[in-house]
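Student: what would the 3D arrangement of this be:
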Amino acid sequence: MLNERCINRIKELLISDIHKLKVSNDGYLDTDTFSDQEMFDKVLPKSGIHIENYRGWIHDTNPFLYYLVMEIDNKLSKKDSSEVKETSTLIDELNIKDSDQFIDEIVNDFIDLPRQYIIFFELPNSLSQLVCFLNNKYVVSSEIEIILLDDNLISASNIKEEFIKNKESESLLSSFFGNRAVHPNNKLIKNRVYLKINISGYFNNIYTTNTEKSALEKLKAFLGISILHGPLQYKKSFFSGIKYLQYYQLSESEDPELISKNLPDDFVKILNNIVFEGSFFHSVFSESLLQKKDKYDKTVSSLKTYFDISYRLFNDTQKTNRLLLAAEWFLESYISENDTMSFVQLMIVIEVLIGDKTPNHKIPLMELLSNRLSYLLSERSFEREELIKKFEDIYNIRSKIVHTGKSKLVGKEFIAMNELRKLCLRLIRKEIQLLTNVN
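Tutor: Reported below is the predicted structural model:
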């Protein structure tokens, strides 16, 4: 909790500024008249875990000032911009009759952080078959679940009816090609598959906060692990697919608000190209997976192993943090438009997992990585020698990209990138085996 004198001083600083703050007709805040950041730095305590947490959620050196601007912008965004006068004051535009009360509410809300949220990431239709193996729900960790949003789950989760929309009608062809429209009125779609994440911190429907980034990182780590050691595959699609895929934020409060935001483009691209490995829906006329008993049994067995692994990885993140980070980078390597960037991202996977946190100037990095890699992945001396030679060739390409600005791969360099991807795959699976004791 902030010291009461700090709170009172913050309010004093803001009361005078709030009358000067100007807004243009597009909702832009002119913050030149705001008390400068140095003044707030003097007021806010220099130490204390609460301030570090505020910075963590709101990602600014001065968390309160940034929070204030975001909340005011949020209030302005709900107004019709055509009603806003060219250079009116904030007091006029928001119809603030009592500026003291307005500042009290903002400051008190800041002090009451963190807030609790449930984030819903809608997953592609291609993953709906996955959920039929899960009895409509699977707990990945204490924070993450895969769910099918059916009536039972809606009731169990206490999601208000006004936040739910029945699945829109789609033709078989449009469903196959993944076409869909933006979901209207901030609704969750019944009988759609979601990744549900419980998270605390601070969200804003205009700006990106660190809490939002944390939720996106959890999604990326989950998808990366699912491709590396699970039921998902990354297959580039010719069709644009999920152009308007959104995620949803449901705050756990007495009067929860459901907010939808478009996912960043790279996440849309990832989800658009992910398919369930056990799916045989490669054409409109394919047989149902459930009709193929032998493949069904094999898929169920593989899923049980995958779920066991994912549960262990996501429930001990202090121990598995580097592995989950490597999985994110591995996934990033698929979506880069530039081959050299993909190459570097794959090298980052290697360095995250077996590199040192601080540089060792006594041993060259290439030698360090190649030796560690060879002893982790090979049991025989001649295999180690082959792997060391292969990795040295790969590392030389990495050096050309990083140190000379090489902008594209040619010829055998593409083969080297495929070999690097295989090494990353082997290394991550080896690390998973060591961390979870599951082959």
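
Student: rest of the way, CA atoms for contacts and neighbours
Tutor: Fine.

Student: and L303, how many neighbours?
Tutor: 19 (other CA atoms under 10 Å).

Student: show the backbone phi and psi for it.
Tutor: Backbone geometry at L303, expressed as degrees, to the nearest 10, gives phi -70, psi -40.

Student: same thing with T340?
Tutor: Backbone torsions of T340, given as degrees, to the nearest 10, read phi -70, psi -30.

Student: wait, it sits on L409?
Tutor: Yes. Counting by CA atoms under 8 Å, T340 does reach L409; the two are 6.3 Å apart.

Student: tell me which stretches of the stretch 151-300 of the chain form strands.
Tutor: Ranges of strands within the stretch 151-300 of the chain are 164-165, 188-189, 193-201, 232-234, 246-251, 258-262, 274-276, based on DSSP state E, counting those that start in this stretch.

Student: and Y311, which of the ones you listed is closest to it?
Tutor: The closest of those to Y311 is strand 193-201. By CA to CA, the value is 14.1 Å.

Student: residues in contact with that closest one?
Tutor: Contact with strand 193-201 is made by 57, 113-125, 127-128, 131, 143-149, 211, 215, 219, as judged by CA atoms under 8 Å, 6 or more residues apart in numbering.

Student: make it 7 Å
Tutor: Residues outside strand 193-201 that contact it (CA atoms under 7 Å, 6 or more residues apart in numbering): 57, 113-123, 128, 143-149, 211.

Student: same check, this time on stretch 319-331
Tutor: For stretch 319-331, the external contacting residues (CA under 7 Å, 6+ apart) are 220-221, 224-225, 313, 345-346, 349, 352-353.

Student: turn those into CSV, including distance to I415, pLDDT and neighbour count.
Tutor: Formatted as CSV, those follow (distance: CA to CA, whole Å; pLDDT from 0 to 100; neighbours: other CA atoms under 10 Å):
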residue, distance to I415, pLDDT, neighbour count
K220, 26, 89, 23
A221, 26, 90, 23
G224, 22, 89, 25
I225, 24, 88, 27
L313, 31, 89, 23
Q345, 16, 95, 23
L346, 14, 95, 27
V349, 18, 94, 28
V352, 23, 93, 18
L353, 23, 93, 20
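
Student: restricted to helices, list the residues you listed.
Tutor: Within those, residues falling in helices by DSSP state H are 220-221, 224-225, 313, 345-346, 349, 352-353.

Student: weakest of the strands of the stretch 151-300 of the chain by average pLDDT?
Tutor: When the strands of the stretch 151-300 of the chain are ranked by mean pLDDT, strand 246-251 comes last with a mean of 67.

Student: separation between M417 and K235?
Tutor: M417 sits at a distance of 17 Å from K235 (criterion: CA to CA, to the nearest Å).

Student: compare those two (neighbour count), which wins?
Tutor: M417 (22 against 12).

Student: so what's the more buried one closest to, chain neighbours aside?
Tutor: Distances taken as CA to CA, 6 or more residues apart in numbering place F343 nearest to M417, at 6.1 Å, with adjacent residues excluded.

Student: I'd say K235 and I274 touch.
Tutor: Yes. Counting by CA atoms under 7 Å, K235 touches I274, with 6.2 Å between them.

Student: what's across from L250 in the sheet?
Tutor: Beta-bridge partners recorded for L250 (DSSP bridges): I118, L258.

Student: quick check: it touching Q116?
Tutor: No. Using CA under 7 Å, L250 is not in contact with Q116, being 8.6 Å away.

Student: keep only those of the contacts of strand 193-201 that are in strands.
Tutor: The members of the contacts of strand 193-201 that map onto strands under DSSP state E are 115-122, 144-148.

Student: out of those, who's nearest I401?
Tutor: Using CA to CA, F121 comes nearest to I401 of the ones in strands among the contacts of strand 193-201, at 35.2 Å.

Student: report how many residues lie close to the closest one.
Tutor: Neighbours around F121, by other CA under 10 Å: 21.

Student: could you check how far it is from K304?
Tutor: According to CA to CA, F121 stands 23 Å off from K304.

Student: could you do P114 as well?
Tutor: For P114, the distance to K304 equals 35 Å [CA to CA].

Student: of those two, which one has the most company?
Tutor: Shown here are P114 and K304; by other CA under 10 Å, P114 has more neighbours (18 against 14).

Student: which non-adjacent residue is nearest that one?
Tutor: G201 (4.3 Å).
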